[in-house]
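> Structure, please.
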Amino acid sequence: MAQNIYDNPAFFEGYARLPRSVQGLDGAPEWPALKGMLPDLSGKAVIDLGCGYGWFCRAARELGASEITGVDISEKMLARAAELTDDAHIHYRRSDLESIALEENSLDLVYSSLALHYLPELNTLFGKVQQALKPGGSLVFSIEHPIYTCATRQGWLTDDDGERFWGVNRYQDEGQRVSSWLADGVIKYHRTLGTTLNALIGAGLTVSNVNEWGPTRAQIEAWPALAEEAERPMLVLISARKAQ
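Next comes the predicted model:
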């Protein structure tokens, strides 16, 4: 089972103060790019893997989805999602994504935001997703970019000329990484971009878009702290489809 760090009180308290927790999708600068990858959701069945506070579930309803299920391993996240949601067409359930059961040919969209890098492997989940999607259905997700996850010590470094750069090492050495982010001992899994893409291909999905996300000039002007995100990709956004 993947680590349930979000039910750690210290971690949850820190997470609750992040802009994407307070402002929802408006506080997630990659959201406009992710939204652009979505298919038409009118009347569609959707699942959000790692739904957190349920921000996307509610947005999917606004975009016309008929039934949405939000799944998360964290009881604290699901409790907050339930507090924020008043919609009989949005359902929440607790499950580890490694052992989740999905009904075959039942979904038009499988969505996931910044959750899949907590899983030690993706082949099993992608296989389940492929079976659960209806013909022509889509998978759209974001994960931390492997340039960001690979290093033994994530962070900015300074060269001999005083120029700041992001340290990259152990890129080909896939596996567990332990960091201190909001709490000590946060476990994530590094895998190369090729491994993720090949897992999608191996599951029988067709990759349709890969966005090694960076902020736009307008976003940096509005939110200057985003300038460093243009120096190295922190996130990668991927969409794939099941054949008709």
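
> Can you name the next helix or strand after the helix-or-strand element of the chain with minimal mean pLDDT?
The weakest-scoring helix or strand in the chain, judged by mean pLDDT, DSSP states H and E, is helix 9-15 (a mean of 70). Sequence-wise, the next helix or strand downstream of helix 9-15 (DSSP states H and E) is helix 19-22.

> Wait, A65 touches D40, no?
No. The pair A65 and D40 does not pass the contact test of Cβ atoms under 8 Å, sitting 9.9 Å apart. C-beta here means a position set from N, CA and C on the backbone, and glycine is covered the same way.

> pLDDT (mean, whole number) over the longest strand along the chain?
In the chain, assigned by DSSP state E, the strand with the most residues is strand 133-144. Mean pLDDT, computed over strand 133-144, is 98.

> Need the residues that contact it.
With Cβ atoms under 8 Å, 6 or more residues apart in numbering as the contact definition, strand 133-144 has outside contacts at 30, 34, 37-39, 45, 49, 105-117, 126, 129, 188, 196, 200, 205, 208, 213, 234-244.

> What about those residues, which are in strands?
45, 49, 107-113, 188, 208, 235-241.

> Just the buried residues from the residues you listed, in ChimeraX please.
Here is the ChimeraX selection string for the buried members of these, based on 16 or more other Cβ atoms under 10 Å:
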select :45,49,107,108,109,110,111,112,113,188,235,236,237,238,239,240,241
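
> So T69, which state does it fall into?
Counting by DSSP: H, G, I helix; E, B strand; the rest coil, the backbone at T69 sits in strand.

> Would you mind identifying the next helix or strand past the longest strand of the chain?
Downstream of strand 133-144, the first helix or strand assigned by DSSP H and E is helix 146-149.

> Which other helices and strands does that next one contact?
Counting contacts by 3 or more Cβ pairs under 8 Å, 6 or more residues apart in numbering; DSSP states H and E, helix 146-149 packs against strand 186-190.

> Just the buried residues of the strand it packs on, please?
Residues V186, K188, Y189, H190 are the ones in strand 186-190 that count as buried (16+ other Cβ under 10 Å).
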